[in-house]
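Novice: Predicted model, plus sequence, below.
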Amino acid sequence: MGNTFGQLFRITTWGESHGGGVGVVVDGCPPRVKLSAADIQPDLDRRRPGQSRIVTPRKETDAVQILSGVFEGRTLGTPISMWVKNEDQRSEAYAEMATKFRPSHADYTYQAKFGIRAWPGGGRTSARETIGRVAAGAIAKKILRERFGVEVLAYVKQVKNLVADVDCAKVKFRDIESNIVRCPDAAMAEKMIRLIERTRNAGDTVGGIIEGVARGVPPGWGEPVFDRLEADLAKAMLSLPASKAFEIGSGFGGILLTGREHNDPFRMKGGKVRTTSNSSGGIQGGISNGEPIYFRVAFKPVATVMHEQDTVSVDLKNTTLKGRGRHDPCVLPRAVPMVEAMTALVLVDHALRHTAQCG
């Protein structure tokens, strides 16, 4: 079913926005990995609401509890279950949404599919579902870092028409986390913050692009044809709330180049096969080539705006609806750890698959 992701390293997320809590079950984590809540909480803190003036003011500590799969500080190789309690639900703000479909939300489509929906806070379609992904992703990042020497990072590359100047091969975590919009270009970050604040004050929302990079991935990860590494990354990113587009390496810009310009020539360097350019984004034929893997994910403006819009009621009558409740004016700052998590989940799954098949 659609609530489970991965093959050897598999996660299943559960819970609704205004239910008792949300969480994840991680199956396939190798045994004897040192693990505690302290390894997971930092990424949840980066994802949580209420962390700055440019995100939703919903107040949640998002404190993770590990319920199973860990004993005396190490993973057992059995399913790891993690839970985060919902603490600041205000379902009354969504009362009108019980009978009206919010434009560009999943209200209508969930009703059409299931004939029922958890309307407070968007239920399962809320970004709170990603708590489970980020918690599981923190475990995946730890395994990648400690066992394979792989670093996974993401950052805000663009907000509307404001584009940061960032070298994905050199960007550092401390620069990403140096400001509330999570853009390592400090001068552009200030402009992005001001744009988000102006947009929020106007009762509107804004979208943009997050760039992700994985450094240290060895050659050979990935599978032929249907399980290509970039295909799994694309699925992972497009499964995130508000994501609308994915491109890797040169992406759509590659169409402006000739084959000679776009190709990545090989050269031996330090006893290793390397490329002198990286238009491929670190993946060729669906398999990693040892260069940094980099990609971009486009996120739409948040669908909830504080203006009246046309819509339809559950009894199929034309009506109007004005956004209410607490919402992000821009998903990008909180989506950065989500992109990192999904990247790590794809990579650790393929790392384990490669080890199982090829040793």
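Specialist: Noted; the coordinates are in hand.

Novice: Look up how far Gly69 lies from the closest residue in space to Val33 that isn't next to it in sequence.
Specialist: Once flanking residues are discounted, Val33 sits nearest to Thr75: 4.4 Å by C-beta to C-beta, 6 or more residues apart in numbering. Heads up, the C-betas are built off the backbone N, CA and C, glycines and all. As judged by C-beta to C-beta, to the nearest Å, Thr75 and Gly69 stand 6 Å apart.

Novice: Residues contacting the helix or strand Arg267 falls within, please?
Specialist: Taking DSSP states H and E as the definition, one finds Arg267 inside strand 266-269. By C-beta atoms under 8 Å, 6 or more residues apart in numbering, the residues outside strand 266-269 that reach it are Val273, Arg274, Thr275, Thr276.

Novice: buried set for the following helix or strand past that strand?
Specialist: As assigned by DSSP H and E, the chain's next helix or strand after strand 266-269 is strand 272-275. Of all the residues in strand 272-275, those buried under the rule 16 or more other C-beta atoms under 10 Å are Arg274, Thr275.

Novice: picking that back up, joint contacts of Thr75 and Gly69?
Specialist: Common neighbours of Thr75 and Gly69, using C-beta under 8 Å, 6+ apart, are Cys29.

Novice: can you tell me the helix or strand for the closest residue in space to Val339 that isn't next to it in sequence?
Specialist: In space, and not counting its chain neighbours, Val339 is closest to Ala154: 4.0 Å by C-beta to C-beta, 6+ apart. Assigned by DSSP H and E, Ala154 belongs to strand 151-159.

Novice: Does anything pack onto that strand? Which helices or strands?
Specialist: Contacts defined by 3 or more C-beta pairs under 8 Å, 6 or more residues apart in numbering; DSSP states H and E place strand 151-159 against helix 173-176, helix 186-201, strand 208-215, helix 332-358.

Novice: cutoff 10 Å now
Specialist: Applying 3 or more C-beta pairs under 10 Å, 6 or more residues apart in numbering; DSSP states H and E, one finds that strand 151-159 contacts helix 130-143, helix 173-176, helix 186-201, strand 208-215, strand 293-299, helix 332-358.

Novice: The fourth one relative to strand 293-299, how many degrees between them?
Specialist: The reference is to strand 208-215. 160 degrees (axes from the mean of the first three to the mean of the last three C-alpha atoms, to 10 degrees).

Novice: now strand 208-215: mean pLDDT?
Specialist: Strand 208-215 carries an average pLDDT of 98.

Novice: and if you look at stretch 14-26?
Specialist: Mean pLDDT, stretch 14-26: 93.

Novice: Can you give me the buried ones in that stretch?
Specialist: Under 16+ other C-beta under 10 Å, the buried positions of stretch 14-26 are Trp14, Gly15, Glu16, Ser17, His18, Gly19, Val22, Gly23, Val24, Val25, Val26.

Novice: Please name the residues that touch the residue nearest to the last one when sequence neighbours are not counted.
Specialist: Going back to what we said before, that points to Val26. Of all residues not flanking Val26 in the chain, Ile80 sits nearest, at 4.2 Å (C-beta to C-beta, 6+ apart). Contacts for Ile80 were tallied using C-beta atoms under 10 Å, 6 or more residues apart in numbering; they are 11, 24-29, 33, 35, 66-70, 135-136, 139.

Novice: and Pro337, how many residues sit next to it?
Specialist: For Pro337, the count of nearby residues is 24 (other C-beta atoms under 10 Å).

Novice: correct me, but it touches Val156?
Specialist: No: between Pro337 and Val156 there is no contact under C-beta atoms under 10 Å: 11.8 Å.

Novice: list residues touching both of the two?
Specialist: If you check Pro337 and Val156 against C-beta under 10 Å, 6+ apart, the residues they both contact are Arg182.

Novice: list the contacts for Leu67?
Specialist: Here Leu67 is in contact with Gly23, Val25, Pro79, Ile80, Ser81, Met82, Trp83 (C-beta under 10 Å, 6+ apart).

Novice: Wait, a strand at the last one?
Specialist: Yes: assignment of Trp83 by DSSP: H, G, I helix; E, B strand; the rest coil places it within a strand.

Novice: Now do the same contact list for the residue nearest to Val339.
Specialist: 168, 171, 176, 182, 210-214, 295-297, 335-343.

Novice: Same check on Ser17?
Specialist: Ser17 neighbours (C-beta under 10 Å, 6+ apart): 58, 86, 89, 91, 94, 118-129.

Novice: sec struct for it, please.
Specialist: Under three-state DSSP, Ser17 falls in the coil class.

Novice: Next, the contact list for Met306, please.
Specialist: Arg200, Ala202, Gly203, Asp204, Thr205, Lys322, Gly323, Arg324, Gly325, His327, Pro329.

Novice: follow-up on the earlier one: show me what the residue nearest to Val339 is bridged to.
Specialist: For Ala154, the beta-bridge partners under DSSP bridges are Gly212.

Novice: Surely Val336 is in contact with Asn179?
Specialist: No: judged on C-beta under 10 Å, Val336 makes no contact with Asn179 at a distance of 11.6 Å.

Novice: Mind listing the shared neighbours of the two?
Specialist: Joint contacts of Val336 and Asn179 (C-beta under 10 Å, 6+ apart) are Val156.

Novice: Show me which of those two is the more surrounded one.
Specialist: Legend: neighbour count by other C-beta under 10 Å for Val336 and Asn179, higher for Val336 (25 against 19).

Novice: roughly how far apart are the more buried one and Ile248?
Specialist: To Ile248, Val336 is 18 Å away according to C-beta to C-beta.
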